[in-house]
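Sequence first, predicted coordinates after that:
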Amino acid sequence: MVTRPDRDGDQQLRLLDDAWDKASQHWHDGMARQFEGGHWTPLLRESRGYLEGLRKLMDMLDAAERDTEG
Amino acid sequence: MKRSGVTSVHADIDALKGLHEALIRYRHAQREVAGRGEEEIKVVRASLEAKASRWRAQLEQCQAELGACQERAAQAAAGSAADGPAADGPAAGGDPVDCSGCARAVEQCRERLEQIRRWQQRIDAQASEFQGPASRFGDLLENDLPRTEEHLLALIRSLEAARRVQAPGA
């Protein structure tokens, strides 16, 4: 069964978040904080914004298809 | 876990390598997600257009049938008026012609077309709103993420180099 792209995208973000959790358990210095502020946080913000927009759009496409069937 | 003590980066190299690999996988997987999202929009837009096209054809046919029906009704009414009232029952022009079914069919086609048009407008508006985040995300995947991966790789290499220096005296 083909899953919706937004759900696959959410799953990919969870996997990346897990990898970050593992790495950050061993990484607490200034470089880690710099990486978190300069790379990780913007990545998370843009990813979430995109996936939220994609979810809304996919919901609408599904609803449009259902509503215009027949 | 060993700490190098030589470098200010106190990180477990394997964990950072794991994060680096996860970032690469993420970039590829999300590119595919974004591509599928765009494709899905195209597919549904095409599907709505095909449905609208079918309903337009149906509307034309129903309108033609309604026109023919109304013509028959007018002829029947004219015939009936010319004959005058019959003494022994129904009008001599024949049975009255009922076009209400055709009129309902025309109305239904118009409603379905209007419904599709509203969905098309809503999708256009939502897709337009989505353009900003989609463009920023595309930029993240094509430019920012590769830089992040490079940055992390440089950290990993500096850690490995520091450990190699440390190793002989360790």
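Looks like it came in fine.

Is the lowest-mean-pLDDT helix or strand in chain A positioned near chain B?
Least confident helix or strand of chain A, by mean pLDDT, DSSP states H and E, is helix A:30-35 with a mean of 90. Yes: against chain B, helix A:30-35 shows contacts by Cβ under 8 Å from any Cβ of the partner chain at A:30-32, A:35. Just so you know, the C-beta spots here come from the backbone N, C-alpha and C atoms, and that holds for glycine as well.

ranges for the helices of the chain?
If you meant another chain, say so; for now it's chain A. A:5-25, A:30-35, A:41-67 (DSSP state H).

meant chain B actually
Going by DSSP H, chain B shows helices at B:13-83, B:100-139, B:145-166.

so the shortest one versus helix B:13-83, what angle?
Here the directions of helix B:145-166 and helix B:13-83 differ by 170 degrees (axes from the mean of the first three to the mean of the last three Cα atoms, to 10 degrees).

same for helix B:145-166, what does it pack against?
helix A:30-35, helix B:13-83 (3 or more Cβ pairs under 8 Å, 6 or more residues apart in numbering or on different chains; DSSP states H and E).

make it 7 Å
Packing contacts for helix B:145-166, counted by 3 or more Cβ pairs under 7 Å, 6 or more residues apart in numbering or on different chains; DSSP states H and E, involve helix B:13-83.

Quick one: mean pLDDT over the helix it packs on.
Averaged across helix B:13-83, pLDDT comes to 94.

Does that helix reach chain A?
Yes: applying Cβ under 7 Å from any Cβ of the partner chain, one finds helix B:13-83 in contact with chain A at B:15-16, B:18-19, B:22-23, B:26, B:29-30, B:33, B:36-37, B:40-41, B:44, B:47-48, B:51.

tell me which parts of chain A are close to chain B?
A:5, A:8-9, A:12, A:15-16, A:19-20, A:22-23, A:26-31, A:39, A:43, A:46-47, A:49-50, A:53-54, A:56-58, A:60-61, A:64-65, A:67-68.

Leaving out sequence neighbours, find the closest residue to the most centrally placed residue in chain B.
Against the mean C-alpha coordinate of chain B, by Cα atoms, centre = their mean, the closest residue is B:Ile41 at 3.0 Å. Closest residue in space to B:Ile41, ignoring its immediate chain neighbours: B:Ala127 at 6.0 Å, by Cβ to Cβ, 6 or more residues apart in numbering or on different chains.

neighbours of the one you found, just the number please.
Neighbours of B:Ala127 under the rule other Cβ atoms under 10 Å in any protein chain shown: 17.
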